[in-house]
Structure formats: C-alpha cells, structure tokens
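J.: sequence first, then the predicted structure:
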Amino acid sequence: MTDFVRTEIRGRIGFITLTRPKALNALSHEMIRAMAAALAKWRDDPQVLGVVLQGEGEKGLCAGGDIRYFHEAIGAGRTDIMDFFTDEYALNYTIASYPKPYIALMEGVVMGGGMGISQGAALRIVTEATRMAMPETAIGLFPDVGGGFFLANLAGHLGEYLGTTGIVFGAVDACEIGLADAVVPRASLPALCERLANGDWQSSDAVLDAARTFARERLPPAGLAPGKLAPLRDVIDTHFGLADMPAILNSLKREARCEYSGWAEETEDLLRATRSPLMVCVALEQVRRARKLSLADELREEWLMMRSVFNLDGRTGAEGVEGIRALVVDKDHAPRWQHPNIEAVKPADVERFFDGERCGADHPLRDLGR
C-alpha cells in the first residue's frame, strides 16, 4: 500500500488517516489507491458500520493533490498521469455514493483534492482552524475532484465566485453556504473518534446519529472567526451572474457602493494579477455547465478537461504545467500564461476544454454511476 495512509478498524468504525503531514497530507496516487482499497473492503464487511476520514498533524486534513508529481510526470513525457485522475475521480464518486456513513473531519487546510475526499461525506465536520478553498486557477488548473458539481449547487452565483477566485474561507462560511454540516472545537475531535470507536452500535444510522448529536452538543469553538461571505451574497450575485469574465471584471471596476467598492477592487486585482486568465474563464464555464450535470457526468467532464490542461489531447498550451512551475517548483511567482489578460481569451480557447465525449467507449470513467 503506502506509508502515507493508515487504515484500521476500531470497534465498528473504519478509520482512514492520511499520514503525510510534512506535505499537508497531499494526495499521491498510492494514497488514493489505498483509500479506495479500504473503502472497497469495508463496503461489504458487516463489522464496519461507518468510516471516519482524518488527517495526521496539526496543519490540515489535506491540501490537495501532489502537484509536484504532475509537473515531474509531464516534464518526463509520461502520459500515465491520467491514471491518477481516473483513480482520484473514481474515489470521489465512491465516497459520495458510499452505502455506509462516511464522516470527514475537515480540520485545518482542506483544499483541492482534500475537498474531493470530503464533500461527498454524509457528515462534514469543520473546526475553528478550518481553511477551505478550491484555489486551482492560481496554478493554471480548474476546480476538479467534483468541484464543478458542488460549486454549481451552491446558492446564487457563489459557485462562480469561489471557483474563479479560489478565495480561502473558514468554518462559519463553510456551514452557511453548504460546504460543511457542523463546526466543533478542534480539541474535541479525539473525543468524537473515541465515542464512535467505543460505541455499541447496531446500525449505520446509529453511528451517523451519534456523530451528529456529538457535534450538536459541543459549545462553539473559542476564537471562531465570523463569516465573510453572507454580507457579500447580493453583490457576488450581481457581478458573478453576468455573461462572461470580461463583463464581470468591468462590472467590478464600476462598483460604486462604498460598502462594496473595496471588495470589488480587491477581487478584480486578484483575478487579473494572480490567476490564469484562461483557467478563470474555463472555471466560470465549468460551473455553469455543471448545473445541468450529475456528479458522475461532471467527473467524466473533468477528466477530459484535465487532459486539455496538461496538453494530453494533442493540442498546445499546458497551462497547468506552467502554473505549477511558477508557484510550486521554481517559486518565481511569475507564470508565463498563454494569454496576457482575461480579455484576450477567446471563446474557442474555452470551448476546447468541453468538446470531448463524456460517454465515449474509450473514456475510463464511462461506467461511473451506472
């Protein structure tokens, strides 16, 4: 298996612990396979009535996929990188459709791939230390791991806002917008695990009810930061409901209300200065298309999109490789994006990410959800 995932059964609960804290539990291919193997084994095991996902270390559950691996694999001319995404997206679907309660302890940093192994959970628990985001556009990627699906299902146009900007938010916002179910003090998580491991459970429903009751009975964490998204909901909808990114940026620039002008200026600057022009436009389109898709179809779509990101569809422009180089590998923070600005992105540049056949005979996820 792998040194970075520990799986064990305690009482009637299967525990999956990510044990790569020095890398913020970033997911390697081996870790994804280990999680999938454990879930497959426990699915039909009558001893196991529920599953708990947690991360080792104080900094976070999971910061995402192992993007250094992506860069190295593409640089070496390897095409098996798509096997990583095939297995990761299959795992995301397995979690979302798992027949036993899967409880995600979304402590600390939970971003990108960490969201993919959490958002499908029956119960998503956050703490005062939770820092959540889908920040992919900063490195030339898009919000994958089902991100299009769960962002598209947020109220109003929050999905477009979070998917294009990749801003970080905390526990209160996560609960208010529907990306978490309960907030508890981080110090109480070990007690929750002990409660679940030592309970005399007779059914999966009893396990889930006990976890929900535990969370409901905790006092709010000390130092819990207030939410920042609720006061912005109307203004987010006003701007991010517009037709395309140039229109959104123009609208942000013209925001004249004093209570929103600072936010609008910061948002425009962030999108222009620190995000891939192409992938911001792709993410906007992705979220809007996903509103008409099931999770399985969205994951199939994302697999095709990822092939385009890394130029594995026979066309030019590996935006993701350049973004990872600039921000993670060389750390010069000066990515040479394909387009000088968002206005330079043509509709055809975006459309090519969506022109594959989701249900084609050669698609490795063609049978997902069927």
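T.: Right, received. Where do you want to start? Numbers count the residues shown, from 1 in each chain.
J.: strands of the stretch 1-150 of the chain, start to end?
T.: 5-10, 13-18, 50-55, 102-106, 109-111, 123-126, 131-133 (DSSP state E, counting those that start in this stretch).
J.: so what does the helix or strand bottoming out on mean pLDDT in the chain touch, helix or strand wise?
T.: Counting by mean pLDDT, DSSP states H and E, the chain has its least confident helix or strand at helix 67-75, which shows a mean of 85. Identification of packing neighbours for helix 67-75 by 3 or more C-beta pairs under 8 Å, 6 or more residues apart in numbering; DSSP states H and E yields helix 81-96, helix 319-324. From N, CA and C alone the C-beta is placed, and that goes for glycine too.
J.: next one: residue 128, what pLDDT does it get?
T.: pLDDT for residue 128: 97.
J.: mind listing what it touches?
T.: 170-171, 183, 185-186, 221-225 (C-beta atoms under 8 Å, 6 or more residues apart in numbering).
J.: and for the closest residue in space to it that isn't next to it in sequence, the neighbour number?
T.: With C-beta to C-beta, 6 or more residues apart in numbering as the criterion, residue 128 has its nearest non-adjacent residue at 3.8 Å, and that residue is residue 221. For residue 221, the count of nearby residues is 19 (other C-beta atoms under 10 Å).
J.: so what's residue 221 up against?
T.: Counting by C-beta under 8 Å, 6+ apart, residue 221 touches 127-128, 171, 183-186.
J.: cutoff 7 Å now
T.: For residue 221, the contacting residues are 127-128, 183-186, by C-beta atoms under 7 Å, 6 or more residues apart in numbering.
J.: what of residue 282?
T.: 142, 350, 353.
J.: wait, the first one sits on residue 304?
T.: No. Judged on C-beta atoms under 7 Å, residue 142 makes no contact with residue 304 at a distance of 11.5 Å.
J.: and these two? Which one has more around it.
T.: residue 142 (30 against 18).
J.: ok, how many other residues are close to residue 254?
T.: Residue 254: 10 neighbours (other C-beta under 10 Å).
J.: from residue 238, how far out is it?
T.: Using C-beta to C-beta, to the nearest Å, residue 254 is found at 11 Å from residue 238.
J.: which one is residue 98 nearest to, not counting chain neighbours?
T.: residue 39 (6.5 Å).
J.: give the contact list for that neighbour.
T.: Residue 39 neighbours (C-beta under 7 Å, 6+ apart): 51, 94, 98.
J.: go through those residues and name the one nearest residue 214.
T.: Nearest to residue 214 among the contacts of residue 39, counting by C-beta to C-beta, is residue 51 at 16.0 Å.
J.: check the closest residue to residue 297 other than its chain neighbours and give its pLDDT.
T.: Nearest non-adjacent residue to residue 297, counting by C-beta to C-beta, 6+ apart: residue 358, 6.0 Å away. Residue 358 is assigned 81 on the pLDDT scale.
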